[in-house]
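Student: Got a predicted model here, sequence first, then my questions.
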Amino acid sequence: MRRHVKLGIKQLTSGYTKGQLTPQTVVEHALEDAVKLQTLNAFIRLTPEQARQQAKEATDRYAKQQAKSNLDGVTIAIKDNFCTANVPTTCASRMLENFVPPYDATVYARLRQVGAVLLGKTNMDQFGMGAGTVDSIYGPTKNIWSADLSQDNWRIAGGSSGGSASAVAAGLCFAAIGSDTGGSTRNPASYCGVVGFKPTYGLCSRHGLIPLVNSMDVPGILTRSVSDCVEVLNAVAGPDAGPDSTTIRKTYKKLTLPEVDQINLRTLRIGIPKEYHCEGLSAEVLETWTKIADLLETAGAKVHQVSLPNTAASIFVYSILNQCEVASNMARYDGIEYGHRANDERSTEQLYAQSRAEGFNNVVKTRILTGNFLLLRKNYDDYFEKALRVRRLIAEDFIKVFETSTETDRVDILLTPTTLTDAPLYKDFSSLTNRDQCAVQDFCTQPANMAGVPAVSIPVRLSKAGLPLSLQLMSNNLNEQLLLTVAHWIEAQVGFDCLQSMNKT
């Protein structure tokens, strides 16, 4: 393993400043390693020309002691549903296979502004519709923790941001951007043993993120430590003067993590939602959950059970609203204005039909058909309207536990599992339908998207099978400072080394 891969972002850029390393050297090593580990299929495409040019510019800045930020010269990867100027953005679908955006997504533009180096675009489920990164036209992404990557018994990386999680876990880059609609950053982070963060809805601009479900999509961050996550968040968060009207207009105050020994948990109130003790939760995940709850209580935090009574309905509400918004968003891909165009000149109607039949996979087609059915006038009130009402109840569950006036009931942080098990084998996972895959493994992550609250997944320990087990923390809207501070404390106590995965390759 390259020695610098073990460094955190601040340590890496400190090495740049001292002349111990250069961005150019780090980028060359990263490109070499990405080719060696191409069996992971973490990247849809590498961007060596851009990476080398950006690394040269960063190296020159460090030589002149004019570094832009703590991210200057740091290698990153971007999920392939974020627009990158002059670099294809495909959403892992034939529909956008030849799409080359003329502009950068705001999140990537801000990373470029502070000097980050784009290593490549990462693999994903088509248009973000999945929980495994197994539904890409470029093939599935494999989990580096797998016992044998060459056989059919490899583990999935999780989805839909599995390529981003796999790239970070493999040490190919120091951070990656994913998107999170129902857990698509936290789910693969859990399976791959890295930190996966979903910010408050609207804290980070969605401009340039090709939409799946507009009311739930948020850019997510994947890193190997909480402190690295904060560095990336500070670069990308805040108001956007662009066309994303859902971005919070409040000025973003950059976060600073305290030293671990300065973190006082005695006034912290931790909630354990009883509804998250659900069917399918493995004994090892439950044991891990209990262990961390006990650890927090021993450190002085007040830990008690709370109720989020509408949690079980979240999976159904998410399914309905997801498919309705998918039907609306996918309507633009008709082969004339946007997307793949079939060779069918019989009629405009036939052109639309053939282009969409060739451009979308069965998962996307199923969601479009179901969404349009649910939005029919005769079904609208019974499905879409009712789902919106229940979504409000789910959001109110969070408001009650975070903002209740009763001191004994109010909590600052919710502690839950992220996924119900460690990473499944591909052959077991692929036997489930796409809907069942999402329903099972996203049970604990989807409610945060319903409510828009921030959530972070952090790896805790290894299962008996030698795979990462992670837990999720959630807090009230715009309470990222406390959320990531507590995650930082837990991270320090458990001492999980996500680069243990490199010993398997």
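Tutor: The structure has been received and is ready for your questions.

Student: What's the local residue count around the nearest residue to Ile156 once chain neighbours are set aside?
Tutor: In space, and not counting its chain neighbours, Ile156 is closest to Gly132: 4.4 Å by CB to CB, 6 or more residues apart in numbering. The way it works is simple: take the backbone N, C-alpha and C, and place the C-beta from them, glycine included. The local packing of Gly132 (other CB atoms under 10 Å) involves 29 other residues.

Student: and the end-to-end length of stretch 353-373?
Tutor: 17 Å (CA to CA, to the nearest Å).

Student: Give the rounded mean pLDDT of it.
Tutor: Averaging pLDDT along stretch 353-373 yields 96.

Student: still on that earlier bit, sec struct for the residue nearest to Ile156, please.
Tutor: Per DSSP: H, G, I helix; E, B strand; the rest coil, the local secondary structure of Gly132 is coil.

Student: Point to the residue nearest the middle of this protein.
Tutor: Nearest to the mean C-alpha position of the chain, by CA atoms, centre = their mean, lies Thr185 at 1.7 Å.

Student: all strands in the stretch 51-200 of the chain, in order from the N-terminus.
Tutor: Here the stretch 51-200 of the chain has its strands, by DSSP state E, counting those that start in this stretch, at 75-79, 117-122, 175-180, 195-198.

Student: from memory the residue nearest to Ile156 sits against Ser431, does it?
Tutor: No. Between Gly132 and Ser431 there is no contact under CB atoms under 8 Å: 11.6 Å.

Student: what's the single longest helix in this structure?
Tutor: Longest helix of the chain, by residue count under DSSP state H: helix 311-330.

Student: Please export the alpha-carbon coordinates of that helix; PDB is fine.
Tutor: Output of helix 311-330 as PDB, limited to C-alpha atoms (Å, rounded to 0.1, in the frame of the first residue of the first chain):
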ATOM      1  CA  THR A 311     -41.100   4.300  10.500                       C
ATOM      2  CA  ALA A 312     -42.600   1.100   9.100                       C
ATOM      3  CA  ALA A 313     -44.700   3.100   6.700                       C
ATOM      4  CA  SER A 314     -41.600   4.900   5.300                       C
ATOM      5  CA  ILE A 315     -40.700   2.100   2.900                       C
ATOM      6  CA  PHE A 316     -44.100   2.200   1.300                       C
ATOM      7  CA  VAL A 317     -44.200   6.000   1.200                       C
ATOM      8  CA  TYR A 318     -40.800   6.200  -0.300                       C
ATOM      9  CA  SER A 319     -41.700   3.600  -3.000                       C
ATOM     10  CA  ILE A 320     -44.800   5.600  -4.000                       C
ATOM     11  CA  LEU A 321     -43.200   9.000  -4.100                       C
ATOM     12  CA  ASN A 322     -40.000   7.800  -5.700                       C
ATOM     13  CA  GLN A 323     -41.900   6.200  -8.600                       C
ATOM     14  CA  CYS A 324     -44.200   9.200  -9.100                       C
ATOM     15  CA  GLU A 325     -41.300  11.600  -9.300                       C
ATOM     16  CA  VAL A 326     -39.300   9.200 -11.400                       C
ATOM     17  CA  ALA A 327     -42.100   9.100 -13.900                       C
ATOM     18  CA  SER A 328     -42.100  12.900 -14.100                       C
ATOM     19  CA  ASN A 329     -38.300  13.300 -14.300                       C
ATOM     20  CA  MET A 330     -37.800  10.500 -16.900                       C
END
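
Student: Which stretches in the stretch 351-500 of the chain count as strands?
Tutor: So, for the stretch 351-500 of the chain - with DSSP E, counting those that start in this stretch - the strands run 413-417, 455-462, 468-474.

Student: need those in TSV with mean pLDDT, can you?
Tutor: Formatted as TSV, the strands of the stretch 351-500 of the chain follow (pLDDT from 0 to 100):
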stretch	mean pLDDT
strand 413-417	98
strand 455-462	98
strand 468-474	98
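
Student: so which of these gets nearest Lys365?
Tutor: Nearest to Lys365 among those is strand 455-462 (30.4 Å), distances taken as CB to CB.

Student: tilt between that closest one and strand 413-417?
Tutor: 50 degrees (axes from the mean of the first three to the mean of the last three CA atoms, to 10 degrees).

Student: residues in contact with stretch 369-382?
Tutor: The contact list for stretch 369-382 (CB atoms under 8 Å, 6 or more residues apart in numbering) reads Ile320, Asn322, Gln323, Cys324, Glu325, Val326, Ala327, Ser328, Tyr383, Phe384.

Student: Pretty sure the last one sits against Ser319.
Tutor: No. Here Phe384 lies out of contact with Ser319, judged by CB under 8 Å, at a distance of 11.8 Å.

Student: if we can go back for a sec, quick one: the strands of the stretch 51-200 of the chain as JSON lines, columns for mean neighbour count too.
Tutor: Formatted as JSON lines, those follow (neighbours: other CB atoms under 10 Å):
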{"stretch": "strand 75-79", "mean neighbour count": "30"}
{"stretch": "strand 117-122", "mean neighbour count": "28"}
{"stretch": "strand 175-180", "mean neighbour count": "29"}
{"stretch": "strand 195-198", "mean neighbour count": "32"}
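
Student: between those strands, which gets nearest to Pro48?
Tutor: strand 117-122 (8.3 Å).

Student: Which neighbouring elements make contact with the closest one?
Tutor: helix 23-36, strand 43-46, helix 48-63, strand 75-79, helix 106-113, helix 162-169 (3 or more CB pairs under 8 Å, 6 or more residues apart in numbering; DSSP states H and E).

Student: 10 Å instead?
Tutor: helix 23-36, strand 43-46, helix 48-63, strand 75-79, helix 106-113, helix 162-169, strand 175-180 (3 or more CB pairs under 10 Å, 6 or more residues apart in numbering; DSSP states H and E).

Student: Would you mind finding the most buried of these?
Tutor: helix 162-169 (a mean of 35; mean count of other CB atoms under 10 Å).

Student: Give me the neighbour count for Asp294.
Tutor: Neighbour number of Asp294 under other CB under 10 Å is 11.

Student: buried residues in the helix or strand harbouring it?
Tutor: Assigned by DSSP states H and E, Asp294 belongs to helix 283-298. For helix 283-298, burial by neighbour count (16 or more other CB atoms under 10 Å) applies to Glu284, Val285, Thr288, Trp289, Ile292, Ala293, Leu295, Leu296.

Student: Give me the angle between the longest helix of the chain and strand 413-417.
Tutor: Using the same axes, to 10 degrees: helix 311-330 against strand 413-417 is 90 degrees.

Student: just for this protein, where's the confidence low?
Tutor: The chain contains residues with pLDDT under 70 at 1, 405, 434-439, 501-505.

Student: which residues sit in contact with the residue lying farthest from the centre of it?
Tutor: Distance from the C-alpha centroid of the chain peaks at Arg346, with 42.3 Å (CA atoms, centre = their mean). Listed by CB atoms under 10 Å, 6 or more residues apart in numbering, the contact set of Arg346 reads Ala353, Gln354.

Student: Can you give me the distance of it to Met95?
Tutor: Separation of Arg346 from Met95 (CB to CB, to the nearest Å): 20 Å.

Student: can you check Ser150 too?
Tutor: Ser150 is 31 Å from Met95, by CB to CB.

Student: ditto for Thr311
Tutor: Distance from Thr311 to Met95, by CB to CB: 34 Å.

Student: Between those two, point out the one with more neighbours.
Tutor: Between Thr311 and Met95, counted using other CB under 10 Å, Met95 has the larger neighbour count: 26 against 21.

Student: pretty sure that one contacts Glu358?
Tutor: Yes. Counting by CB atoms under 10 Å, Met95 touches Glu358, with 8.3 Å between them.

Student: any common contacting residues for these two?
Tutor: Going by CB under 10 Å, 6+ apart, residues that sit against Met95 and also against Glu358 are Gly335, Gly339, His340, Arg341.

Student: Phi, psi for the second one please.
Tutor: It refers to Gly339. phi 90, psi -180 (degrees, to the nearest 10).
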